[in-house]
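Novice: Task: produce atomic coordinates for the following.
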Amino acid sequence: MKYTHLGRSGLTVSRLCLGTMNFGPHTEEADAHLIMDQAHDAGLNFFDTANVYGGAGHRGWTEEIVGRWIAQGGGRRERTVLATKVYGAMGDWPNDGKLSARNLRLALDASLKRLQTDHVDLYQFHHVDRDTPWDEIWQAVDTAVQQGKVIYTGSSNFAGWHIAAAQEAAARRPVTGLVSEQSIYNLMERSIEREAIPAAQHYGLGILPWSPLHGGLLGGVLAKGNDGVRRLEGRAAKALEAHRDAIAAFEGLAAELGHAPGDVALAWLLHQPAVTAPIIGPRTSGQLGAGLRALDVTLDEAALARLDGIFPGPRTAPEDYAW
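Specialist: Numbers count the residues shown, from 1 in each chain. Presented below is the predicted three-dimensional model:
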């Protein structure tokens, strides 16, 4: 396993992060526990979850599954950099979601109970809360840090100016502020290169890409034939038709390089200087093994240039639209 620091922090994490969103709705608990054990066996020490994971009818289910795995002991908690998220409504009452000081306190305690631990290593804001001032948010976080319940904080799905506002407010207090930003980022969806990544780099945040295979479209969907296409629904199916030629060219390049398309897509992210760890969300232990292969894929400048040609990304703002 390869490791790096999470953003500008001194925290050491694996170059891949285990996403747990499938645990419960799509992966049975016993299989989820096996996947987490296998991740540890491979040296993967960074696990990501969220309080809302589990589905609309059972929010918190995924944290409960992770918590029962932690409760088995054997160094599981001590060897895991555990990240969870807060923002989504956990109930129907007015203060059951978002980032008010009240919800941050209650939601954190609820997550700790479900996770069966006394602290989370990385507490992430799942979305920006436009109605709560950052001074209130950072005061609540500072309290949680002093209580030993939170060590680091991160953001998710933030625009570049949201990151700047959060960090400037943190500097005034002063507190550490954000050390990571979790966002959709892959060869097909590179919008964060325009402003969010430059902001993250300026303030020392590590990028944690979610949906690194863009809902399976970068996982060899055309090579899999009808089975791969049939599993795609809604927006993914429409995106396949809109980008079929580019996806075909990508799969051809992957074959030329001698790697599976998904391995190349993950390896491309690992070659991006702002990226700390792509989040892989396996439903099965076999999918975990496939994700780990990307760590051994090296892309030279020629291959990276060809990937940029197939899936061109934006330039940094304002050059992208003003010059």
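Novice: what's the distance between Thr80 and Cys17?
Specialist: Per C-beta to C-beta, to the nearest Å, Thr80 is found 11 Å from Cys17. C-beta coordinates here come from the backbone N, C-alpha and C atoms, glycine included.
Novice: who has more neighbours, these two?
Specialist: Taking other C-beta atoms under 10 Å, Thr80 and Cys17 do not tie; Cys17 has more neighbours (28 against 21).
Novice: burial count for the nearest residue to Ala169 once chain neighbours are set aside?
Specialist: In space, and not counting its chain neighbours, Ala169 is closest to Trp134: 3.5 Å by C-beta to C-beta, 6 or more residues apart in numbering. With neighbours defined by other C-beta under 10 Å, the count for Trp134 comes to 20.
Novice: heads up, I number from 552, so please use that
Specialist: New numbering, starting at 552: the last item is Trp685.
Novice: where do the contact lists of Thr631 and Cys568 overlap?
Specialist: Residues touching both Thr631 and Cys568 (C-beta atoms under 8 Å, 6 or more residues apart in numbering) are Phe597, Phe598.
Novice: follow-up on the earlier one: now for the residue nearest to Ala720: which residues touch it?
Specialist: Trp685 sits in contact with Ala716, Ala717, Ala720, Ala721, where contact means C-beta under 8 Å, 6+ apart.
Novice: got the phi/psi numbers for it?
Specialist: Dihedral pair for Trp685: phi -70, psi -30, per degrees, to the nearest 10.
Novice: Relative to Ala691, how far out is it?
Specialist: If you measure Trp685 against Ala691 using C-beta to C-beta, the figure is 11 Å.
Novice: Arg681 too?
Specialist: Applying C-beta to C-beta, the value for Arg681 to Ala691 is 17 Å.
Novice: now swap in Gln733 and tell me
Specialist: To Ala691, Gln733 is 20 Å away according to C-beta to C-beta.
Novice: More neighbours: those two, which one.
Specialist: With neighbours defined as other C-beta under 10 Å, Gln733 and Ala691 compare such that Gln733 has more, 29 against 20.
Novice: ok but that one is inside a strand, no?
Specialist: Yes: Gln733 sits within a strand when classified using DSSP: H, G, I helix; E, B strand; the rest coil.
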